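Q: Quick one, what's the 3D model for this:
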Amino acid sequence: MTRLHLRGRGLPDDEPVEWWIVDGLLSAEPVADATTVFDGGWILPGLVDAHCHVGLGDHGALDNLDDCIAQAAVERDVGALLLRDCGSPIDTRPLAEHGDLPEIIRAGRHLARPKRYQRGFAIELDDESALPEAVAQEARFGDGWVKLVGDWIDRDVGDLAPLWSDEVLKAAIDAAHANGARVTAHVFSEDALPGLIKAGIDCIEHGTGLTDDTIELMVEHGTALVPTLINVENFPGIAQGAAKYPAYAQHMRDLYERCPQRIAATREAGVPIYAGTDAGSMVAHGRIADEIDALKGIGMSPTQALGAACWDAREWLGRPSLQHGAPADLVCFREDPRTGAAVVNNPDLVMLRGVTF
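A: Okay, here's the model as predicted:
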């Protein structure tokens with residue numbers, strides 16, 4: 001029977017903590033003959049990337065599960081031990097059999113309309129009335145989440161536009177909830193937000209088009225936000241490559257310029273915000289530390305920003321932090337991880353299910 005011991009400080013309270021590990025589980029009670037593997041520093045629950053894509057690469061779906069395993073291992077090595085996978089075009093369920101990889105909370109595949117998202121990423125529905133049943137199917141297939149594409153460029157309009165009517169959204173989100181799943185949506189611009197929020201969506205991804213009115217709606221409906229700030233840094237490049245659609249290109253530039261102020265206003269209004277990188281296509285895996293730093297830029301304190309990628313995110317996703325009897329998923333730092341990405345990117349010890357890496 002493996003017996004390990006760790007001593008240090010915890011967050012957010014910064015108080016001394018001491019844990020023993022018995023067969024992969026945390027124990028708050030002393031255990032005899034335990035080997036001390038960490039003594040002095042900060043002991044945190046495993047980090048969370050609340051928006052990533054295991055199974056997506058630079059050009060769409062990965063060819064095989066070995067590449068998916070490699071992506072998940074990159075996340076593990078930086079201490080991201082819980083991943084909310086916001087849409088993958090391939091079935092990554094076999095990764096759950098690998099005890100040395102992070103837990104993945106899967107949202108199944110993106111749901112979109114034809115030619116209204118990146119090619120090969122989504123299930124494309126010819127008729128929007130099919131959305132409620134498609135959502136129900138993805139809810140049963142996934143791990144408690146469903147991912148909608150809320151807006152994307154409409155080439156006939158030449159700009160971002162919503163994909164779904166308000167009535168269909170309400171029926172679809174109700175169908176997800178009836179099947180025990182929460183719903184989130186990719187949304188860049190302004191127009192798709194009111195219908196999604198009023199329909200009862202649980203989370204918005206990106207949210208660069210939030211206005212005072214839609215922020216107020218999010219507060220009223222208890223909607224969360226995962227702003228993927230390091231991915232928003234790609235907006236100018238996207239705009240530069242869209243010269244064929246000048247209205248869309250300018251819109252993307254405007255959204256980029258307004259993003260810090262809009263996300264800061266969302267935080268100030270009390271909307272729950274969690275850290276997600278959007279890793280998998282335009283963003284490399286293993287960058288949760290950079291997203292934590294970016295959250296400081298919209299007004300979060302160092303402790304709040306770290307919590308958005310750690311204990312607060314775990315509570316939101318229904319997973320335990322550090323508590324007696326919970327899986328021993330933790331990350332340790334000799335230096336204070338609140339000081340920034342240089343520390344968070346280089347954990348001194350990563351433990352997953354009681355095994356050190």
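
Q: Give me the secondary structure label for G108.
A: coil (DSSP: H, G, I helix; E, B strand; the rest coil).

Q: Can you give me the distance of it to I90?
A: 11 Å (Cβ to Cβ, to the nearest Å). All C-beta atoms are positioned from the backbone trio N, CA, C, and that covers glycine.

Q: Among these two, which residue is more densely surrounded?
A: Comparing G108 with I90 by other Cβ atoms under 10 Å, the one with more neighbours is G108, at 25 against 17.

Q: Tell me who's in contact with that one.
A: 87-88, 138-139, 141-142, 145-147 (Cβ atoms under 8 Å, 6 or more residues apart in numbering).

Q: ok, 7 Å please
A: Taking Cβ atoms under 7 Å, 6 or more residues apart in numbering, we find G108 in contact with 138, 141-142, 146.

Q: Take those and lay them out in a markdown table including secondary structure, distance to L95 and pLDDT.
A: A markdown table is the format used below for the contacts of G108 (DSSP: H, G, I helix; E, B strand; the rest coil; distance: Cβ to Cβ, whole Å; pLDDT from 0 to 100):
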| residue | secondary structure | distance to L95 | pLDDT |
| --- | --- | --- | --- |
| E138 | helix | 18 | 97 |
| F141 | helix | 15 | 93 |
| G142 | coil | 14 | 93 |
| V146 | strand | 19 | 98 |
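
Q: which of those has the most neighbours?
A: V146 (33 neighbours).

Q: name the element A185 belongs to?
A: Using DSSP states H and E, A185 sits within strand 182-187.

Q: Show me what that strand is in contact with.
A: The contact list for strand 182-187 (Cβ under 7 Å, 6+ apart) reads 86, 144-151, 173, 176, 193, 196, 201-207, 209.

Q: And the strands in the stretch 101-250 of the chain?
A: 103-106, 110-112, 122-124, 145-149, 151-154, 159-162, 182-187, 203-206, 224-226 (DSSP state E, counting those that start in this stretch).

Q: Show me the one of those strands that comes nearest A309.
A: Between A309 and the strands of the stretch 101-250 of the chain, the tightest spacing by Cβ to Cβ is seen for strand 224-226, at 10.5 Å.

Q: Walk me through the domains of the chain.
A: Here the domain parsing of the chain from the TED database is 4-44+321-356, 47-317.

Q: Quote the end-to-end distance of the first one.
A: Yep, that's domain 4-44+321-356 we're talking about. The first and last residues of domain 4-44+321-356 sit 10 Å apart, counting by Cα to Cα, to the nearest Å.

Q: again, but for the longest one
A: With Cα to Cα as the measure, domain 47-317 spans 12 Å from end to end.

Q: where are the low-confidence patches of this protein?
A: Applying pLDDT under 70 to the chain flags residues 1.

Q: any idea how far the most centrally placed residue in it is from A122?
A: For the chain, the residue sitting closest to the mean C-alpha position, by Cα atoms, centre = their mean, is A50 at 1.7 Å. Using Cβ to Cβ, A50 is found at 20 Å from A122.

Q: Also C310?
A: Counting by Cβ to Cβ - C310 and A122 are separated by 30 Å.

Q: So for those two, which sits in the more crowded spot?
A: Taking other Cβ under 10 Å, C310 and A122 do not tie; C310 has more neighbours (29 against 22).

Q: Return the residues in contact with the more buried one.
A: Contact analysis of C310 by Cβ under 7 Å, 6+ apart lists 44-45, 47-48.

Q: Mind checking which of those are buried?
A: Neighbour-count burial (16 or more other Cβ atoms under 10 Å) applied to those gives 44-45, 47-48.

Q: what's the closest of the contacts of C310 to A28?
A: P45 (14.2 Å).

Q: Could you look up the SS state of the closest residue to the closest one other than its chain neighbours?
A: Nearest non-adjacent residue to P45, counting by Cβ to Cβ, 6 or more residues apart in numbering: S321, 4.0 Å away. Following three-state DSSP, we place S321 in the coil state.

Q: can you count the residues close to S321?
A: S321 has 19 nearby residues by other Cβ under 10 Å.

Q: ditto for the one 5 residues further on
A: Counted by other Cβ under 10 Å, the residues lying close to A326 total 16.
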